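J.: Here you go, sequence then predicted model.
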Amino acid sequence: MSAVVESWFLILAAIAMLLGGANLFMHHSNLIYNQKPGWGYSALTLAGFLVTLVAGLLKLGVPLTPQFPEYAWAGNFEDQPGVIWWLYEYIIKPSTSTMFALLSFFVASAAFRAFRAKSTEAALLLVTALVVLLGRSYAGTILSAPVGDAYSFAALTDFVIMSVINTSGQRAIVIGIALGVAATSLRILLGMDRSYLGADE
Amino acid sequence: MGSSHLEWLSGTVHSSSGNALRSVWRWLNCSLAMMWVLAICSLPLTAISQASETIALQETPGVPSTTQSDVQFESSSDVVTPSAEMATPPANEAADNPLEDTASKLFSEKRFWSLILVLAVCFSVLICTFRARMGAKVYVRPIAGLKAIEEAVGRATEMGRPVLFVPGIMDLNELQTVAGLSVLSSVAKESAAYENNVHVPTARSLVMTAAREVVQAACIEAGKPDVYNDDSVRYITDEQFAYVAEVCGWTQREKPAACFYMGQFFAESLLLAENGNSVGAIQIAGTAESSQLPFFVASCDYTLLGEELFAASAYLSGEPQQLGSLQGQDLGKALAVTLLLVGCLLITLVQFKELGPYPQIAYDVLYHQILGRD
């Protein structure tokens, strides 16, 4: 049953994809046509969009398959050394990795702000973060060597902070989420909440 | 008939037959009470039944004595057997009766208690909804993040800067996205009232279509239909980090004064929130992804934690029937807390060997059958 619903949703999403593609095309075409600030980026976006679309639809560079050697388009559009494979391997993958790598810098800046002891709660957070940091690094192992493994930062992190405090907090949130999902689903199924459809009445 | 019933449930039809409503309410109340009594009574009864069967098995000549740890629950048919061979029926027995076989496929006995718990929560929500509709007072604690929506949008208008709303990166089949769109309705209404523009970049085409409907309806409801602009709700891309790049770029160029992140987020949560923070925007986030909550808490001014996101639409609508459902949700929480306390008590009692096998059996019933854990 769920597989059938999933299939229908995928069909719907595939049709809606045309809307998305059309929206992207129209929006950037307008920007280029009206020479709005940054229209060069729009041109680049449209070029990328069209190249990928054509390369994918025509399966450019896709090798023949051993099963059907007489049919040029029998291969998978993602097969090596197709154009789509090349685009993915040498453009999308490095770009995605670059964006993801930025996360480490943002984590540092966010942690710097969050761990300032402005209040009692923030001070507690700071101390807990320090213990976890020590528990997860060699510095903690070296510092807690004299007291033994049972009272080390690693043990404190694993058996107290992560297993008890963190897990109990996480589970409380998860129970709340599960109940929230049930109540929201009921509200939607019974038509009490229609705001997501654009109108409350 | 069915649709009218649904309309009546949803409150769009204001029935004049108050007596019928009261009788239905009483009937539902009785059903809920009976279900609670059944759920609570079944626990000790099942435990006693299990205990007596175990003791009987231990006392039966020819049957090897079992220790507490040897007791296995082969199915949730309330039969405790010392070994799998004794509990498992011959393979051809089920095949002989195709009706029984089909029934066993349709109804999983292992999930019986899950059904009871889900029904108890659903009935709680429904009954509290009906009570609220009949005029019962419902107190909902203030949610700071939702109260700050007006302030954030007002500030953005005063500064002459736009509002950014990100409905997560997942599709419309995710409930978090639906909850995010409900909040978008309120944000768009506030923005339209101030004649400000709300920018909604989407990562899914279906979400774009739904968000357009939401924003357009909100503008009409605010009495400012001309504020709506199709270009403000755009499809960017399905690719996670390409979407982030676009939204972060837009944030740096346009410098929105208010940013809302409501929906399902993954690794992009911190990238988006830190970018918003760098341009000095008031940021309000909400997600049920517990792994992303710390990032939002660190970077945003207000964060809706898990269930608060789902409660947002009810809270913002202010309708008694929707607020009533939140009360029903709290009854579900009370049930969860009760089960937790009973579990803690039982696992503590298990340590006292002089109490006999009963605490262990009761704990096993709670853990394996009611909670369905292996």
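T.: Yep, it's here.
J.: least trustworthy helix or strand in chain A by mean pLDDT?
T.: Using mean pLDDT, DSSP states H and E, helix A:2-33 stands out as the lowest-scoring helix or strand of chain A, at a mean of 87.
J.: tell me which residues in it are buried?
T.: Neighbour-count burial for helix A:2-33, with 16 or more other CB atoms under 10 Å in any protein chain shown as criterion, is recorded at A:13, A:16, A:20, A:23-24, A:27-28, A:31. Where you see a C-beta, it was placed from the backbone N, CA and C, and this is true even at glycine.
J.: On the C-terminal side of that helix, identify the next helix or strand.
T.: helix A:39-57 (DSSP states H and E).
J.: Let me see the mean pLDDT of that following helix.
T.: Average pLDDT, helix A:39-57: 93.
J.: could you say what helices and strands that helix packs with?
T.: If you count contacts as 3 or more CB pairs under 8 Å, 6 or more residues apart in numbering or on different chains; DSSP states H and E, helix A:39-57 packs onto helix A:2-33, helix A:83-87.
J.: Any chance you could list what contacts the shortest one?
T.: The one in question is helix A:83-87. Residues outside helix A:83-87 that contact it (CB atoms under 8 Å, 6 or more residues apart in numbering or on different chains): A:51-52, A:55-56, A:59-62, A:77-79.
J.: List the buried residues in that helix.
T.: A:83-85, A:87.
J.: what secondary structure does the most centrally placed residue in chain A sit in?
T.: Note on chain A: the residue nearest the mean C-alpha position is A:F100, at 9.6 Å, using CA atoms, centre = their mean. Three-state assignment for A:F100 (DSSP: H, G, I helix; E, B strand; the rest coil): helix.
J.: Wait, it touches B:A267, no?
T.: Yes - under the criterion of CB atoms under 8 Å, A:F100 makes contact with B:A267 at 6.5 Å.
J.: that older thread, can you check what pLDDT the model gives the residue nearest to the centre of chain A?
T.: Note for A:F100: predicted pLDDT of 93.
J.: and if you look at the one 3 residues further on?
T.: The predicted structure scores A:L103 at 92 on the pLDDT scale.
J.: same deal with A:A74?
T.: A:A74 is given a pLDDT of 85.
J.: For B:I284, grab phi and psi.
T.: Note on B:I284: its backbone torsions stand at phi -130, psi 120 [degrees, to the nearest 10].
J.: That one and chain A, how far apart?
T.: Look at B:I284 and chain A: by CB to the nearest CB, to the nearest Å, they are 16 Å apart.
J.: Tell me the helix or strand right after the helix or strand hosting B:C248.
T.: Per DSSP H and E, B:C248 falls inside helix B:240-254. The first helix or strand that comes after helix B:240-254 along the chain, using DSSP H and E, is strand B:258-262.
J.: quick one: strands adjacent to that next one?
T.: Sheet partners assigned to strand B:258-262 using DSSP bridges are listed as strand B:163-166 (parallel), strand B:282-287 (parallel).
J.: So what touches the shortest one?
T.: Read that as strand B:163-166. B:152-153, B:156, B:184, B:187-188, B:191, B:196-201, B:247, B:250-251, B:256-263, B:272, B:276, B:281.
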